[in-house]
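A.B. asks: Sequence and predicted structure, then a few things I'm wondering about:
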Amino acid sequence: MALRGAASRRYAESIFAIARDNNSYDKWLEDVATIRGLFVNADMRRFLDDPKPTPEAKEQTLHKLLDGRVDPMAANLAILLVRHEHVGMADALERELQRMVNDARNVAVAEITTAVELTPQDSDLVKQRLETLAAKTIQLETRVDKDILGGFVARVGDTLIDASLKTRLANLRQELLAHT
């Protein structure tokens, strides 16, 4: 698995350098997402894993499916992934490229978990506070988990902020038990 991660990182670094030089981050992110979508398709995976079609036939099929949908360099990336049997790393490649683009743009993804759906006003407030803490532009990804009872849990990169009622109650319980 570590080798797959290193390989996806190398591909992402190469793509990132091209995208940076051409100021085409968004186009590359879109194209890599298209390639990943193609590679996770069950029929396509069976076709690519099947030893009967020649490598040339597989490449021709990819060209037909990607022509006009992605930049020719992105189509070449798809063919390269097939040739090196790296089709399975398309998800990791997409995530790594997104991380690199976010870093270049000084953007951090904040995963926010709340007990109830956030209102737009609450989302804006949380976003503003996290931007101040992280000194980055924050992209919110929210989800609801009633088990946290109230408050929120936020993860920004490696930083975890747990202000959930569930954790507060657990901590209070530990304090009460420690003093008995």
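C.D. replies: It's in. Residues are numbered from 1 along each chain as shown.
A.B. asks: ok, the closest residue to residue 19 other than its chain neighbours to residue 125 distance?
C.D. replies: The spatial neighbour of residue 19 that comes closest, neighbours along the chain excluded (CB to CB, 6 or more residues apart in numbering), is residue 28 at 4.2 Å. C-beta here means a position set from N, CA and C on the backbone, and glycine is covered the same way. Separation of residue 28 from residue 125 (CB to CB, to the nearest Å) stands at 33 Å.
A.B. asks: got it, and residue 46?
C.D. replies: For residue 46, the distance to residue 125 - CB to CB - is 48 Å.
A.B. asks: Looking at the two, which is more packed in?
C.D. replies: Ranked by neighbour count (other CB atoms under 10 Å), residue 46 and residue 125 place residue 125 first, with 12 against 9.
A.B. asks: Pretty sure residue 98 sits against residue 28.
C.D. replies: No: here residue 98 does not reach residue 28: they are 10.1 Å apart, not a contact under CB atoms under 8 Å.
A.B. asks: Which of those two has more residues huddled nearby?
C.D. replies: In terms of neighbours (other CB under 10 Å), residue 28 is the more surrounded of residue 98 and residue 28; the figures are 23 against 17.
A.B. asks: and stretch 45-63, how far out from the chain's middle?
C.D. replies: The offset between the C-alpha centroid of stretch 45-63 and the centroid of the whole chain comes to 27 Å, using CA atoms, centre = their mean, to the nearest Å.
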